[in-house]
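Chemist: The sequence and its predicted three-dimensional model are supplied below.
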Amino acid sequence: MQGQQTGAAQADDTDLGMAGLYGQYDMTRESSGTSWQPDASPMAGVHSMRGPWMLMAEGFANLIYDDQGGPRGAVQTFSTSMFMVMARRQLQSAAFGVRLMISGDPLMGREGYPELFQSGETANGITPLIDRQHPHDLLMEAALTYSYDLTRLSSLFLYAGLPGEPALGPPAFMHRLSSTDNPEAPLTHHWLDSTHVSWGVVTGGYVLGALKLEASAFNGREPDQNHYTIESGHLDSYAARISYNLGSDWSLQASSGHLVSPEQLQPGINVQRTTASVSYQAPLLYSWQTTLAFGRNVPSAGLSSNGWLLESEARLNPLNTLFARIERVAKDELFLPDAPLYGRNFTINAVSVGYIRDIEVHLVRLGLGGLVSTYSYPQTLNASYGYRPTSFMLFARVRL
């Protein structure tokens, strides 16, 4: 396999047969699931051609020291990781694809890692996770794809995964190039891309040049606390997404989905989620991508809420990267049911900035980095969270 391909080598993609899984365009356009990113995005990982097969592998492992500030903060050392392999076989006027992704996150324990103001899912099936980010399942994606070329610019495609990612939201945060070096999950995860591990997905779509229309039927429930098991459920949720790549530097999407019983602890509550996002790959520096995203959750019972995210990652050169994230999100899951403030919406603002320094060793990059985060919120929360706590992470990473 060859080493990591960067923006400078992208012009050779077509000559190498690096077409996408879902149409006759450069694979650099494709991100997690069936989502798109700017065509000018550098291709991560290692890849090779074997006759009619294109093979690609991508992955990382982080060792993280996490110190979350304030009275509700905690300190923990843990690891996050992801490894993905993908294969594409060219057929007569068609293509067949396989996607497989696994994670070592379950090794950190069911309670995940400390993250102030994060919420969603449960560690024991009884109480919700609050101020903690849940671990991902061992199996994050196992999907098959098929696309059929109608013309040189148009195609039909089918994607089926157990688990998989439906046509809802921007690319998942660990795959977005605007956040790929940030080891901390966004607070807006459950407003934008939390369906990226759905235990049962079928998506059909149509591509016409820079335009993609697609719709999914999927299992809308979040994964449970048993992160090593294979789950099942009815495909009773649905979503639709429109994507458009404007030139080579811009990627836009708007999507909406109806999620049936997404939270295990609230089985009678459904959620209508609507998202919109735009990503821009700036023709500056070595690589610089920025994403602006909006998500809105409207539950069948309870308060509606919005989440905003602006994140950017700039590789100054092959070995030095700066990244930042700004979020504004309304959270109503910061207290247990017996607390006086339970069920109230609180607007949380979070800002984080970070840096990582890499060295290249054969097919991998080894890096040392860190980030610092600060927050603002209503004074009502001062008794619980203190006044403007500061959190930080230090991490070591290996990446293909």
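Modeler: That came in fine, so what should we check first?
Chemist: Just the strands from the stretch 1-150 of the chain, written as ranges.
Modeler: 46-50, 53-67, 75-91, 94-102, 113-122, 128-133, 139-149 (DSSP state E, counting those that start in this stretch).
Chemist: Can you say which of those is nearest to residue 161?
Modeler: Nearest to residue 161 among the strands of the stretch 1-150 of the chain is strand 139-149 (3.3 Å), distances taken as CB to CB. In this view, the C-beta of every residue, glycine as well, is placed from N, C-alpha and C.
Chemist: What residues sit buried inside the closest one?
Modeler: For strand 139-149, burial by neighbour count (16 or more other CB atoms under 10 Å) applies to 139, 140, 141, 142, 143, 145, 146, 147, 149.
Chemist: Which one, of the strands of the stretch 1-150 of the chain, ends up nearest to residue 25?
Modeler: strand 139-149 (10.8 Å).
Chemist: The closest one pairs with which strands?
Modeler: When sheet partners are counted by DSSP bridges, strand 139-149 sits next to strand 94-102 (antiparallel), strand 154-161 (antiparallel).
Chemist: So which residues make contact with that strand?
Modeler: Contact partners of strand 139-149, identified using CB atoms under 8 Å, 6 or more residues apart in numbering, comprise 21-24, 33, 82, 84, 93-103, 155-165, 196-197, 201, 207, 230.
Chemist: mind redoing it with 6 Å?
Modeler: The contact list for strand 139-149 (CB atoms under 6 Å, 6 or more residues apart in numbering) reads 21-22, 24, 93-97, 99-103, 155-164, 197.
Chemist: now the angle between strand 75-91 and it, please.
Modeler: 20 degrees (axes from the mean of the first three to the mean of the last three CA atoms, to 10 degrees).
Chemist: avg pLDDT for strand 139-149?
Modeler: For strand 139-149, the mean pLDDT works out to 98.
Chemist: quick one: that strand to chain centroid distance?
Modeler: 17 Å (CA atoms, centre = their mean, to the nearest Å).
Chemist: Identify the nearest residue to the most centrally placed residue in the chain in space, disregarding sequence-adjacent positions?
Modeler: What sits nearest the mean C-alpha location of the chain, by CA atoms, centre = their mean, is residue 172, with 1.6 Å. Spatially, and ignoring its direct neighbours in sequence, residue 172 is nearest to residue 196 (3.7 Å; CB to CB, 6 or more residues apart in numbering).
Chemist: Run a quick neighbour tally on the one you found.
Modeler: Residues lying near residue 196 (other CB atoms under 10 Å) number 25.
Chemist: Can you tell me how far residue 18 is from residue 312?
Modeler: Counting by CB to CB, to the nearest Å, the gap from residue 18 to residue 312 is 26 Å.
Chemist: repeat for residue 323
Modeler: The gap separating residue 323 from residue 312 is 7 Å, by CB to CB.
Chemist: more neighbours, these two?
Modeler: Comparing residue 323 with residue 312 by other CB under 10 Å, the one with more neighbours is residue 323, at 23 against 19.
Chemist: From residue 287, how far off is that one?
Modeler: Using CB to CB, residue 323 is found at 12 Å from residue 287.
Chemist: likewise residue 140?
Modeler: 24 Å.
Chemist: do the same with residue 21
Modeler: From residue 21 to residue 287 the distance is 23 Å (CB to CB).
Chemist: What of residue 35?
Modeler: Distance from residue 35 to residue 287, counting by CB to CB: 19 Å.
Chemist: just residue 113 next, same as before
Modeler: For residue 113, the distance to residue 287 (CB to CB) stands at 27 Å.
Chemist: Out of the two, name the residue with the larger neighbour count.
Modeler: residue 113 (25 against 22).
Chemist: Residues in a beta bridge with the nearest residue to that one once chain neighbours are set aside, which ones?
Modeler: Nearest residue to residue 113, sequence neighbours excluded (CB to CB, 6+ apart): residue 78, at 5.0 Å. Going by DSSP bridges, residue 78 is paired in beta bridges with residue 64.
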